[in-house]
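A.B. asks: The sequence isn't on hand, but the structure is:
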């Protein structure tokens, strides 16, 4: 199993944090002392030193002023390195290979489709064929998608929580038979103690959740990881700010979801509709 490569954003924040700790120690100041001079709570200073949070705009220049480093622009230089790392996320973490296989908990939201990990062969193939890249490309992508299911058969599989928009139950990807089989598979998966599926009702009108699909993974040793879908492919990150916002967004969407028992009833009703 590949080790997750270090996130350039995290590494840049770590350098910023070490410099802040070094300068603070040289002055003999506490985190509270720095926070008081900067006009922020000491917990924020702690988050910067531990590379948990990216400093907001303007704070780096203020730190240079406080520590008498304006001419050298020490903190401003480190801050711009963080910004460049955020803008240039070309690193090679792969969701399926590097994240899912190590995850303890995985959460998904998709406003348009059944999430990839829980897709059946026909359902997934119809999606890839619809991309217009040819049958060979579709077959290769299908094999990759189905291989992801191996994690569900491990001795200690991850806990999986999938939020599905109610409209997905009436979107016949691959045709009526394909969708019916897909919905039956979802019901079957909910019999596993580690899998939870909840339907988000149309009445929720969760506009925040309609922008894109995303996933969140909790790993045993590494920071939480997020994957966000886009037209050019998934974007994977451990950036604390982004991951935190997605956790909040997921919880907001889930607050409107039906409980699993009611969700299963909705899915079963949809199965009956597609049998007609």
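C.D. replies: Arrived safely. For clarity, every value in this text was computed on a predicted model and none was experimentally measured.
A.B. asks: Please count neighbours and contacts with C-alpha atoms only from this point.
C.D. replies: Noted.
A.B. asks: Just the helices from the protein, written as ranges.
C.D. replies: Along the chain, counting by DSSP state H, helices occupy 8-27, 31-38, 42-49, 59-66, 74-87, 121-129, 135-147, 176-189, 240-254, 260-273.
A.B. asks: Same list (those helices) but as TSV, adding mean neighbour count, distance to residue 195 and mean pLDDT.
C.D. replies: Formatted as TSV, these follow (neighbours: other CA atoms under 10 Å; distance: least, CA to CA, whole Å; pLDDT from 0 to 100):
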stretch	mean neighbour count	distance to residue 195	mean pLDDT
helix 8-27	18	31	91
helix 31-38	16	43	95
helix 42-49	18	34	94
helix 59-66	17	43	94
helix 74-87	18	33	83
helix 121-129	19	19	94
helix 135-147	15	17	91
helix 176-189	19	6	97
helix 240-254	16	15	91
helix 260-273	16	10	96
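A.B. asks: Quick one: closest of those helices to residue 205.
C.D. replies: Evaluated over those, closeness to residue 205 peaks at helix 240-254, with 9.8 Å, by CA to CA.
A.B. asks: Ok, which of the helices of the chain comes nearest residue 104?
C.D. replies: helix 240-254 (15.6 Å).
A.B. asks: now what about that closest one, what contacts it?
C.D. replies: Residues outside helix 240-254 that contact it (CA atoms under 8 Å, 6 or more residues apart in numbering): 52-54, 109, 163, 198, 200, 206, 208-209, 214, 216, 224-226, 237.
A.B. asks: how about a cut-off of 6 Å?
C.D. replies: Outside helix 240-254, the residues that touch it by CA atoms under 6 Å, 6 or more residues apart in numbering are residue 226.
A.B. asks: Run the angle between that helix and helix 8-27 for me.
C.D. replies: 120 degrees (axes from the mean of the first three to the mean of the last three CA atoms, to 10 degrees).
A.B. asks: show me what contacts residue 68?
C.D. replies: Applying CA under 6 Å, 6+ apart, we find residue 68 in contact with no residue.
A.B. asks: can you start the count at 452 instead of 1 from here on
C.D. replies: All right, first residue 452 from here; so that's residue 519.
A.B. asks: List the contacts of residue 689.
C.D. replies: Counting by CA under 6 Å, 6+ apart, residue 689 touches residue 676.
A.B. asks: State the distance from it to residue 724.
C.D. replies: To residue 724, residue 689 is 41 Å away according to CA to CA, to the nearest Å.
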